[in-house]
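S.K.: Okay, sequence plus prediction incoming.
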Amino acid sequence: MPVKLRLQRHGKKGKPFYWLVAADARAKRDGRYLEKLGTYNPNTNPATVVIDIDRAVTWLEKGAQPTDTARTLLSYRGAMLKHHLNGGVRKGALTQEEADKKLEAWLEEKEAKIQAKKDGLSKAAADASAKRLADEKATNEKRLAAAQETEAQAEEAQGESETAEEASVIEETAAEEAPTEEAPVEEAPAEEAPTEEAPVEEAPTEEAPVEEAPAEEAPTEEASTEETPAEDAPAAEATSATEEEEEK
């Protein structure tokens, strides 16, 4: 039965969590497995890898083939190095003690690198936090300065509005007092107007006799015209008398 060392997915959507298992190559990825060898959590920084090195080496020596990801995780924790050193011990290239010393030195160096990475990440996080706090402090100071400036401008504007209101009140009071002093000057023409227009109203009364004068003279002219025939009557009689004398 071919055996593979591979990852089996667990966890939830968006946050996977894996088991390193030894399983039959014909089984499903998340199906039955023969033995659980460790865990792999990629949600942390750096990723958390926990592996039982001795059991993983035992399966490797039995001929189990790891997948690419499983091989990377086994190398990360030193299982592949131990499997290689055990092969050297079997061939007589080195003793078991030397192999154990090399493995221990490598693990210590690896742990130091991992710890340095963790320290670097912690320092970077602390620096980022300090920078964020400094930026927030600077922003708050700018906001405070802007608020103080706005308050100062508001006070200046209020003072200017108060002075403008006082000036407008003074102008209004001056405008109210000015007409009261000029009131007699404005009323004087109003009193004189009727006196000037009175003769204009009496003018027609003076012209009335002028219009009646022709009316009185008209009868005189007619009387004269009527009297002229009376004056011409003796003349007519005289002419008739002369004509009678001639006839005689």
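M.R.: Received it, and whenever you're ready, just let me know what you need.

S.K.: center of this structure - which residue?
M.R.: Closest to where the C-alpha atoms of the chain average out (Cα atoms, centre = their mean) is R143, at 17.3 Å.

S.K.: Assign that one to helix, strand or coil.
M.R.: The assignment at R143 comes out as helix when based on DSSP: H, G, I helix; E, B strand; the rest coil.

S.K.: For Y33, grab phi and psi.
M.R.: Dihedral pair for Y33: phi -140, psi 160, per degrees, to the nearest 10.

S.K.: Tell me if I'm right that it and L7 touch.
M.R.: No - between Y33 and L7 there is no contact under Cβ atoms under 8 Å: 10.7 Å. Every C-beta, even on glycine, is put in place using the N, C-alpha and C of the backbone.

S.K.: Can you check which residues contact both of the two?
M.R.: Common contacts of Y33 and L7 (Cβ atoms under 8 Å, 6 or more residues apart in numbering): W19, V21.

S.K.: Tell me who's in contact with the residue nearest to the centre of the chain.
M.R.: Counting by Cβ under 8 Å, 6+ apart, R143 touches no other residue.

S.K.: now stretch 157-169: mean pLDDT?
M.R.: Stretch 157-169 carries an average pLDDT of 79.

S.K.: Same check on stretch 108-120?
M.R.: So the average pLDDT for stretch 108-120 ends up being 88.

S.K.: Please identify the helix or strand for L7.
M.R.: strand 3-12 (DSSP states H and E).

S.K.: starting at the chain centroid, how far to whichever strand or helix holds L81?
M.R.: L81 is part of helix 79-91, with elements assigned from DSSP H and E. Relative to its parent chain, helix 79-91 has a centroid offset of 69 Å by Cα atoms, centre = their mean, to the nearest Å.

S.K.: which residues touch it?
M.R.: Counting by Cβ under 8 Å, 6+ apart, 51, 53, 56-57, 60-61, 71, 74-75, 94-96, 99, 102-103, 106 sit against helix 79-91.

S.K.: Sketch out the strands for the protein, chain order is fine.
M.R.: Along the chain, counting by DSSP state E, strands occupy 3-12, 15-24, 35-41, 48-51, 65-66.

S.K.: Output those strands as TSV; include the columns distance to K118.
M.R.: Converted to TSV, the strands of the chain look like this (distance: least, Cβ to Cβ, whole Å):
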stretch	distance to K118
strand 3-12	22
strand 15-24	20
strand 35-41	14
strand 48-51	11
strand 65-66	26
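
S.K.: ok, how many other residues are close to the nearest residue to T39 once chain neighbours are set aside?
M.R.: Once flanking residues are discounted, T39 sits nearest to V50: 5.1 Å by Cβ to Cβ, 6 or more residues apart in numbering. V50 is flanked by 12 other residues according to other Cβ atoms under 10 Å.

S.K.: try P16
M.R.: 14.

S.K.: Look up which residues are beta-bridged to it.
M.R.: Note on P16: beta-bridge partners by DSSP bridges are G11.

S.K.: ditto for P66
M.R.: For P66, the beta-bridge partners under DSSP bridges are L5.

S.K.: what sits against it?
M.R.: Here P66 is in contact with K4, L5, R6, L60, L74 (criterion: Cβ under 8 Å, 6+ apart).

S.K.: The last one - nearest residue in space that isn't next to it in sequence?
M.R.: With Cβ to Cβ, 6+ apart as the criterion, L74 has its nearest non-adjacent residue at 4.9 Å, and that residue is M80.

S.K.: Kindly provide the distance from the one you found to G159.
M.R.: According to Cβ to Cβ, to the nearest Å, M80 and G159 sit 82 Å apart.
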